[in-house]
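> Would you be able to build a 3D model of this:
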Amino acid sequence: QVQLVESGGGSVQAGGSLRLSCAASGYIYCTADMSWYRQAPGKEREFVSAIYTDGSTTDAESVKGRFTISRDNAKNTVYLQMNSLKPEDTAIYYCKRHSCWYGFRRTPDLWGQGTQVTVSS
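Numbers count the residues shown, from 1 in each chain. Okay, here's the model as predicted:
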């Protein structure tokens, strides 16, 4: 069974940077699209960035130009480089491994446990 472990969260001042990591471990049978989501207190979970198996990416408008998603398939790890952080970026950040096919089987979507990012003004 595949597990996701996020790391790299913390507290920074506005304008600072953080790099989140999400490492997948276990029996990984197929390469999957990966995403980052975040959830601020009292708000719904929202999409942040995604990186697809072909290497293309998509970002939410709110983070374009500031956040960069990347992946290292050899390490089964996805990263989120966050620059020019703002107080409104404060949230728990979750990694998501999308389902993928191997043979006739489809793996389930998987979520990490989340990592807290706090940005002070």
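> tell me the secondary structure for the residue nearest the centre of the chain?
Closest to where the C-alpha atoms of the chain average out (C-alpha atoms, centre = their mean) is residue 36, at 2.8 Å. Assigned by DSSP: H, G, I helix; E, B strand; the rest coil, the conformation of residue 36 is strand.
> now do residue 23
Going by three-state DSSP: residue 23 is strand.
> Show me the shaky parts of this structure.
The model of the chain has no residue with pLDDT under 70.
> which residues of it fall in helices?
For the chain, no helices are identified by DSSP state H.
> Just give the nearest non-adjacent residue to residue 50, would you?
Nearest non-adjacent residue to residue 50, counting by C-beta to C-beta, 6 or more residues apart in numbering: residue 35, 4.2 Å away. For every residue, glycine as well, the C-beta is placed using N, CA and C.
> residues contacting the one you found?
Each residue near residue 35 by C-beta atoms under 8 Å, 6 or more residues apart in numbering is listed here: 47, 48, 49, 50, 51, 95, 96, 98.
> Of those residues, just say which sits nearest to residue 41.
residue 48 (16.4 Å; C-beta to C-beta).
> That closest one against residue 60, yeah?
Yes. Taking contacts as C-beta atoms under 8 Å, residue 48 lies within contact range of residue 60: 5.5 Å.
> In terms of packing, which of those two has more residues around it?
Ranked by neighbour count (other C-beta atoms under 10 Å), residue 48 and residue 60 place residue 48 first, with 24 against 15.
> still on that earlier bit, farthest pair within the contacts of residue 35?
48 and 98 (14.2 Å).
> hang on, isn't residue 68 packed against residue 84?
No. Using C-beta under 8 Å, residue 68 is not in contact with residue 84; the gap is 11.4 Å.
> of those two, who's got more company?
Neighbours per residue, other C-beta under 10 Å: of residue 68 and residue 84, the larger number sits with residue 68, 16 against 13.
> What distance do you get for the more buried one to residue 49?
8 Å (C-beta to C-beta, to the nearest Å).
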